[in-house]
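Chemist: here is my input; please provide its structure:
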Amino acid sequence: MGSGVLFVHNNFPAQFRDLAQTLMARGASCAAIGAHTSPGIPDLQQARYKLGRGTTPGIFSLAVRAEADLIRARASLKAARYLQDAGFEPQVIVGHPGWGETLFLDEVWPKARRVMFSEFFYHGHGVDVGFDTEFSTPTEEAALIAKGKNAVMTLALAEADAIVAPTPFQASVLPSVFSPRVRIIHEGVDVDAIRPGPAEPFALDDGRVIRPGTPVITHINNNMEPLRGLHIFARALPAVLKAVPDAQVIVIGQAAKSGYGGTAPDDLTWQDVCLRGVELDPQRVHFLGKVEHARMLAALRLSTAHVYYTYPFVLSWSLSEAMASGGYVIGSDTAPLRDAIEDGVSGRLLPFFDVEALSEALIAACRDPAATAPMREAARAAAVAKFNRATGRAAWLDLLREQGLTLP
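Modeler: Numbers count the residues shown, from 1 in each chain. All right, here's what the predicted structure looks like:
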């Protein structure tokens, strides 16, 4: 029987960084499997796989994802044998099953306990697919492709000893047959380091500086895509900029051609698509691209109102960080946000497609920021209660002990 923990994630460490570092600090034996592009963690042994082939050209459309996942599963199996030959024997395998890598690891370590991190279980209806018909048509083919994404992942979940979902919504989309094995554990953010603090002058890329006291609206959208509401946000801004002449807008995220919501049309970026027909003053709306984490947190501390919208999908770390910073969050009234924010208490939740409602809420926040102080305090308290990394870490360690891991 092994004694360590094997982490499996195609982009390791990803959600497992804090847990892996905690176990290493306690002297536990750890190793990882990830794609050849995964960053890894210093001093943690990692086997990186590289695919020897792609998917079969012209393969049945509903099988594309399953074949890709099985190709990765086979490559991960080879990486596992490398670790075994090096003498590594895990007591517990902690893995993300969404890309297939965990599926065949019992061929190498049949006695290892398996804990699967379920980030999202896809559905053809009622969740993200078909939610926003402006950018995708809810066809039967789209529904079937979405369900087909679950094929290999479902096999891995079926064989898991325990399943971890980060939020109640993400747990709720799993088939009910898995419910007895599901734990809700959010990996959390460092709420001691990310906390309310005095705003400081914020330097823009062109050398100008936004001073504290200026009405500032922030929006973080990693791939600048409609799945995170960029089009709704952009369409709400002209009315806000007209009504609040001194307002400034900081937008963080990279202009990508693809994201969680698929690929943008016409070889454009999603940012191009979302900003079509919207006139925004570049002297007041600042697209910063991808920035360092410290700069993002500085923008959040400066923020008068932070906008976070999402389709029914996974919840972003940026939302929990905005709340931990004591931000006034205006979010979409969609299932992921309802896990985090109580409307009118710890933020606002507005109908996703109601552009005018978002404009009005932003104008009100900019004109009377003091009125949002109670919601800022409540947002901070909610972040500490729901997204505290220390709480998530303790829950993970308890789960690993239940799987037989002895911690030094």
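
Chemist: distance of the residue nearest to the spatial centre of the chain relative to residue 387?
Modeler: In the chain, the C-alpha nearest the mean C-alpha coordinate belongs to residue 316, at 3.8 Å (C-alpha atoms, centre = their mean). Distance from residue 316 to residue 387, counting by C-beta to C-beta, to the nearest Å: 11 Å. For glycine as for every other residue, the C-beta is placed from the backbone atoms N, C-alpha and C.

Chemist: verify the assumption that residue 33 is located in a strand.
Modeler: Yes - checked against DSSP: H, G, I helix; E, B strand; the rest coil, residue 33 lies within a strand.

Chemist: do I have it right that it meets residue 101?
Modeler: Yes - with contact defined as C-beta atoms under 8 Å, residue 33 counts as touching residue 101 (6.2 Å).

Chemist: just give the nearest non-adjacent residue to residue 45, would you?
Modeler: Sequence neighbours aside, residue 31 is the residue nearest to residue 45 in space, at 4.5 Å (criterion: C-beta to C-beta, 6 or more residues apart in numbering).

Chemist: next one: residue 66
Modeler: Nearest to residue 66 is residue 151, by C-beta to C-beta, 6+ apart, at 4.3 Å.

Chemist: ok, that neighbour touching residue 69?
Modeler: Yes - between residue 151 and residue 69 a contact is recorded at 7.4 Å, counting by C-beta under 8 Å.

Chemist: quick revisit: show me what contacts the residue nearest to residue 66?
Modeler: Taking C-beta atoms under 8 Å, 6 or more residues apart in numbering, we find residue 151 in contact with 65-66, 69.

Chemist: from residue 245, how far out is it?
Modeler: Residue 151 is 54 Å from residue 245, by C-beta to C-beta.

Chemist: swap in residue 38?
Modeler: Counting by C-beta to C-beta - residue 38 and residue 245 are separated by 47 Å.

Chemist: who's more crowded, these two?
Modeler: In this view residue 38 and residue 245 are compared by other C-beta atoms under 10 Å, and residue 38 has more residues nearby, 18 against 8.

Chemist: report the buried residues of stretch 259-272.
Modeler: For stretch 259-272, burial by neighbour count (16 or more other C-beta atoms under 10 Å) applies to 259-262, 264, 269-271.

Chemist: nope, stretch 367-385 is what I meant
Modeler: Buried residues in stretch 367-385 (16+ other C-beta under 10 Å): 369, 372, 375-376, 378-380, 382-384.

Chemist: chain center to it, what's the gap?
Modeler: Mean C-alpha position of stretch 367-385 versus that of the full chain (C-alpha atoms, centre = their mean, to the nearest Å) differs by 23 Å.

Chemist: any idea of the mean pLDDT for that stretch?
Modeler: Average pLDDT, stretch 367-385: 98.

Chemist: may I have it as CSV, with CA atoms only?
Modeler: In CSV, the C-alpha atoms belonging to stretch 367-385 read as follows (Å, rounded to 0.1, in the frame of the first residue of the first chain):
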residue,chain,number,x,y,z
ARG,A,367,-23.4,58.7,-7.3
ASP,A,368,-23.6,57.4,-3.8
PRO,A,369,-20.8,55.0,-2.9
ALA,A,370,-21.4,55.4,0.8
ALA,A,371,-24.7,53.7,0.4
THR,A,372,-23.0,50.4,-0.6
ALA,A,373,-20.9,50.3,2.6
PRO,A,374,-23.1,47.7,4.4
MET,A,375,-23.1,45.4,1.3
ARG,A,376,-19.3,45.7,1.1
GLU,A,377,-19.0,44.6,4.7
ALA,A,378,-21.4,41.7,4.1
ALA,A,379,-19.5,40.7,1.0
ARG,A,380,-16.3,40.5,3.0
ALA,A,381,-18.0,38.4,5.7
ALA,A,382,-19.5,36.1,3.1
ALA,A,383,-16.1,35.6,1.5
VAL,A,384,-14.6,34.7,4.8
ALA,A,385,-17.4,32.2,5.5
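
Chemist: give me the contact list for it.
Modeler: For stretch 367-385, using C-beta under 8 Å, 6+ apart, the contacting residues are 189, 191, 195-196, 215, 244, 304-305, 320, 322-329, 340-342, 344-348, 364-365.

Chemist: in strands only, show me those residues.
Modeler: Judged by DSSP state E, the subset of the contacts of stretch 367-385 located in strands is 305, 329, 348.

Chemist: let me know the closest of these to residue 119.
Modeler: Of all those, residue 119 sits closest to residue 329, with 21.9 Å by C-beta to C-beta.

Chemist: how far away is the closest one from residue 346?
Modeler: 8 Å.

Chemist: need the overlap of contacts for residue 316 and residue 387.
Modeler: Common neighbours of residue 316 and residue 387 (C-beta under 8 Å, 6+ apart) do not exist.

Chemist: count the neighbours of residue 70 for me.
Modeler: Around residue 70 there are 18 other residues, counting by other C-beta under 10 Å.

Chemist: same check, this time on residue 324
Modeler: 27.
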